[in-house]
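Novice: for reference, the sequence and a predicted model appear below.
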Amino acid sequence: MIRAVIVDDEPLARRGIRQLLAPHHDVSVVAEARNGPDAVRALKALRPDVVFLDVQMPGLDGFGVLRALGTGGGPLPAVVFVTAYDTFAVRAFEAHALDYLVKPLEEARFTDALERVRARLRAAGGRAVARLLVPTSFGEMVLDVDEIEWIEADDYYAAVHARGKRHLLRESLASLAERLDAARFVRAHRSAIVNIDRVRELRAEPSGETVLVLRDGTRVPVSRRRREQVHATLRRLVD
């Protein structure tokens with residue numbers, strides 16, 4: 001059972017999300033919150049699997065809720081932002097949101113977001129994906145994750161570099177990171193995931209910057225706070 005919390009300052013909006021969730025019998029709404037402080041208390045106490053989170057709320061907005069949760073340690077739930085405005089989308093994905101829904105909510109789009117939640121929970125349970133379905137100009141292509149060199153954030157999309165081409169997926173980088181095998185794919189910085197098997201060199205630059213050099217010569221910067229994790233993943237590869 002997927003445990004969900006709904007956060008919105010508008011009662012009609014909360015009711016609408018409940019109605020959209022009703023046909024999905026594997027989802028249970030364990031709490032609702034009408035403002036940011038109530039949301040923080042509910043999320044810390046209940047530790048749900050997913051939160052449907054309004055962006056704009058008086059006092060403490062959706063991003064403030066995530067900051068408050070982040071200071072307490074522990075895993076965050078999957079976050080699906082819900083808002084009347086599309087101007088916050090990039091910031092939402094930078095905050096590692098799983099998806100971003102614009103009101104009025106469409107049933108098909110909402111169901112797609114919920115499937116992303118299920119995929120993340122499956123990955124967290126140890127069942128990492130082996131293939132991705134990527135759109136092409138002719139339709140869709142099945143891509144083995146072994147073929148992926150690296151993935152970068154591109155506004156609302158994730159750009160997957162594989163087979164010498166760049167394929168755009170309408171999915172956040174955080175969502176892909178949850179679905180891929182953490183033993184083989186490492187987050188180099190907040191906007192890039194790298195397939196460790198494609199790494200040729202970990203290089204320290206005279207400027208103090210650390211970069212991963214891939215087999216094709218691509219250079220992917222490593223953020224300071226992720227440097228130790230990247231080192232550890234590389235060491236496991238050669239041990």
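Specialist: Structure's in. What do you need?
Novice: look up the closest residue to residue 75, ignoring the ones flanking it.
Specialist: residue 47 (7.9 Å; C-beta to C-beta, 6 or more residues apart in numbering). Glycine gets a C-beta too; all of them are placed from N, C-alpha and C.
Novice: number of nearby residues for that neighbour?
Specialist: When neighbours are defined as other C-beta atoms under 10 Å, residue 47 has 14 of them.
Novice: cool, and residue 134?
Specialist: Count around residue 134 with other C-beta under 10 Å applied: 18.
Novice: for the longest helix anywhere in the chain, packing partners?
Specialist: Ordering each helix of the chain by length in residues (DSSP state H) puts helix 107-124 first. Contacts defined by 3 or more C-beta pairs under 8 Å, 6 or more residues apart in numbering; DSSP states H and E place helix 107-124 against strand 2-7, helix 11-21, strand 78-83, strand 99-102, helix 173-179.
Novice: pick the most deeply packed of these.
Specialist: strand 78-83 (a mean of 24; mean count of other C-beta atoms under 10 Å).
Novice: what helices and strands are in contact with that strand?
Specialist: Judged by 3+ C-beta pairs under 8 Å, 6+ apart, strand 78-83 is in contact with strand 50-54, helix 62-70, strand 99-102, helix 107-124.
Novice: tell me which of these sits most buried.
Specialist: Highest mean neighbour count among the helices and strands packed on strand 78-83 (mean count of other C-beta under 10 Å): strand 50-54, a mean of 27.
Novice: so residue 85 makes contact with residue 102?
Specialist: Yes. With contacts defined as C-beta atoms under 8 Å, residue 85 counts as touching residue 102 at a distance of 7.3 Å.
Novice: can I get the longest helix of the chain as PDB, trimmed to CA atoms?
Specialist: In PDB, the C-alpha atoms belonging to helix 107-124 read as follows (Å, rounded to 0.1, in the frame of the first residue of the first chain):
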ATOM      1  CA  GLU A 107      -6.800  12.400 -15.000                       C
ATOM      2  CA  ALA A 108      -4.400  10.900 -17.500                       C
ATOM      3  CA  ARG A 109      -1.500  13.200 -16.400                       C
ATOM      4  CA  PHE A 110      -2.200  12.400 -12.800                       C
ATOM      5  CA  THR A 111      -2.200   8.700 -13.400                       C
ATOM      6  CA  ASP A 112       1.100   9.000 -15.200                       C
ATOM      7  CA  ALA A 113       2.600  10.800 -12.100                       C
ATOM      8  CA  LEU A 114       1.300   8.100  -9.900                       C
ATOM      9  CA  GLU A 115       3.000   5.500 -12.000                       C
ATOM     10  CA  ARG A 116       6.200   7.300 -11.500                       C
ATOM     11  CA  VAL A 117       5.700   7.000  -7.800                       C
ATOM     12  CA  ARG A 118       5.200   3.300  -8.200                       C
ATOM     13  CA  ALA A 119       8.300   3.000 -10.300                       C
ATOM     14  CA  ARG A 120      10.400   4.800  -7.600                       C
ATOM     15  CA  LEU A 121       9.100   2.600  -4.900                       C
ATOM     16  CA  ARG A 122       9.800  -0.500  -6.900                       C
ATOM     17  CA  ALA A 123      13.400   0.800  -7.500                       C
ATOM     18  CA  ALA A 124      13.800   1.500  -3.800                       C
END
